[in-house]
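J.: this one's structure only:
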């Protein structure tokens, strides 16, 4: 990180940011191309490690790439506000971001799938206890992204 003074290392501050945001961008490698997809997510810590849950269809590019190469990058940003200046190149911004990489897993255990969906719903709605339509669950893939490296930056 070039601007070390902007790095956030406090785990509680990072956790507060991750808990407050809604969109995780996941970057897949696809035969020489990069495919980035924004997803709603649920954040949690398990055994001292940060992981993210998100869901999607059991078909399509995201699902296929998750099976093909589980190594992904990710990004979350928020708190953006322009800091104006008198001259064009003097403008700056207030922000916070997390960037990292990790390994993606397609969750197949029924209990773990419900745990992941509850984590997503907790993040999105503030409530984790939901009923799920079994027909929809059958078509839904649940992904768990285990963060292996993560940096947080703030201004």
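T.: In hand now; what should we look at? It should be emphasised that the depicted structure is a prediction, and the values quoted were computed from it without experimental measurement. Residues are numbered from 1 along each chain as shown.
J.: mind checking how far residue 100 is from residue 18?
T.: 11 Å (C-beta to C-beta, to the nearest Å). (Glycine included, C-beta is placed from N, CA and C.)
J.: again, but for residue 55
T.: Between residue 55 and residue 18 the computed distance is 18 Å (C-beta to C-beta).
J.: So these two - more neighbours on which side?
T.: Set residue 55 next to residue 18 and count neighbours by other C-beta atoms under 10 Å: residue 18 wins out with 23 against 20.
J.: what bridges to the residue nearest the centre of the chain?
T.: If you average the C-alpha coordinates of the chain and look for the closest C-alpha using C-alpha atoms, centre = their mean, you land on residue 24, 3.4 Å from that point. According to DSSP bridges, the residues that bridge with residue 24 are residue 39.
J.: show me the residues around it that make contact.
T.: Residues near residue 24 by C-beta atoms under 8 Å, 6 or more residues apart in numbering: 38, 39, 40, 41, 52, 54, 74, 75, 76, 145.
J.: Tell me who's in contact with the residue nearest to residue 78 when sequence neighbours are not counted.
T.: In this structure, residue 78 finds its nearest non-sequential neighbour in residue 21, 4.7 Å apart by C-beta to C-beta, 6 or more residues apart in numbering. Counting by C-beta under 8 Å, 6+ apart, residue 21 touches 76, 77, 78.
J.: For residue 22, which residues are in contact?
T.: In this structure, residue 22 makes contact with 40, 41, 123, 124, judged by C-beta under 8 Å, 6+ apart.
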